[in-house]
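> Fold the following and give me the result.
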Amino acid sequence: MLIRDITSTPLFTAGDRTRLREILHPKNEPECCNRCSIAHAFLGPGEASLPHRLKTSSETYYILAGEGMMHIGDESAPVGAGQVVYIPPGAVQSVENTGEDDLVILAIVDPAWDAADEEVLN
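Residues are numbered from 1 along each chain as shown. Coordinates of the predicted model:
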């Protein structure tokens, strides 16, 4: 049985400025047959991720709490708790917290996130 607790998973700041905890990743859990990785991410009020893209992986955000503005390519839309956002491979993306509380996201990357696949744009 494989169980992860976000409170015991190290917190770090990703290249796009999102703070996250990598909950599951095939490189860390070889017994896990998933090809995807799962991270618990958040941005504080007024914070935004830097525009970035994953060259070959798709990403799915499940918004757990808060509200924000999602930007994918030339499109922007408000997002909030209970919504799912699909980000196709190669799409330039960013998200900003427009609320008064943390914007909390479960990020699922398929195939699993790899630093070499991510390009942060300034």
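
> So which residue is smack in the middle of this protein?
Ala107 (3.7 Å; CA atoms, centre = their mean).

> In this structure it contacts Cys36, no?
No: Ala107 lies out of contact with Cys36 (CB atoms under 8 Å); the separation is 10.0 Å. For glycine as for every other residue, the C-beta is placed from the backbone atoms N, C-alpha and C.

> Now that we're looking at Cys33, what pLDDT does it have?
In this model, Cys33 is scored at 59, pLDDT.

> Tell me the pLDDT of Ala14.
With respect to pLDDT, Ala14 scores 90.

> Is it in contact with Leu20, as I believe?
Yes: between Ala14 and Leu20 there is a contact under CB under 8 Å: 5.6 Å.

> Name the residues contacting each of the two.
Common neighbours of Ala14 and Leu20, using CB atoms under 8 Å, 6 or more residues apart in numbering, are Ala41.

> Pull the contacting residues for the nearest residue to Asn97 once chain neighbours are set aside.
Leaving aside its chain neighbours, Asn97 sits nearest to Leu103 (3.9 Å; criterion: CB to CB, 6 or more residues apart in numbering). Going by CB under 8 Å, 6+ apart, Leu103 touches Phe42, Leu43, Glu47, Ile63, Ala65, Gly66, Glu67, Gly68, Val95, Asn97.

> Among these, name the ones in strands.
Phe42, Leu43, Ile63, Ala65, Glu67, Gly68, Val95, Asn97 (DSSP state E).

> Name only those of these that count as buried.
Phe42, Leu43, Ile63, Glu67, Gly68, Val95, Asn97 (16 or more other CB atoms under 10 Å).

> sorry, back to before: CSV please, covering the contacts of Leu103 and showing pLDDT and distance to Val79.
Conversion of the contacts of Leu103 to CSV gives the following (pLDDT from 0 to 100; distance: CB to CB, whole Å):
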residue, pLDDT, distance to Val79
Phe42, 96, 14
Leu43, 97, 12
Glu47, 97, 15
Ile63, 98, 5
Ala65, 98, 11
Gly66, 98, 9
Glu67, 98, 7
Gly68, 98, 5
Val95, 98, 7
Asn97, 98, 10
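
> Strands along this structure, start to end?
Under the criterion DSSP E, the chain contains strands at 12-13, 19-24, 37-43, 52-54, 58-65, 67-72, 75-80, 84-87, 93-97, 103-110, 118-120.
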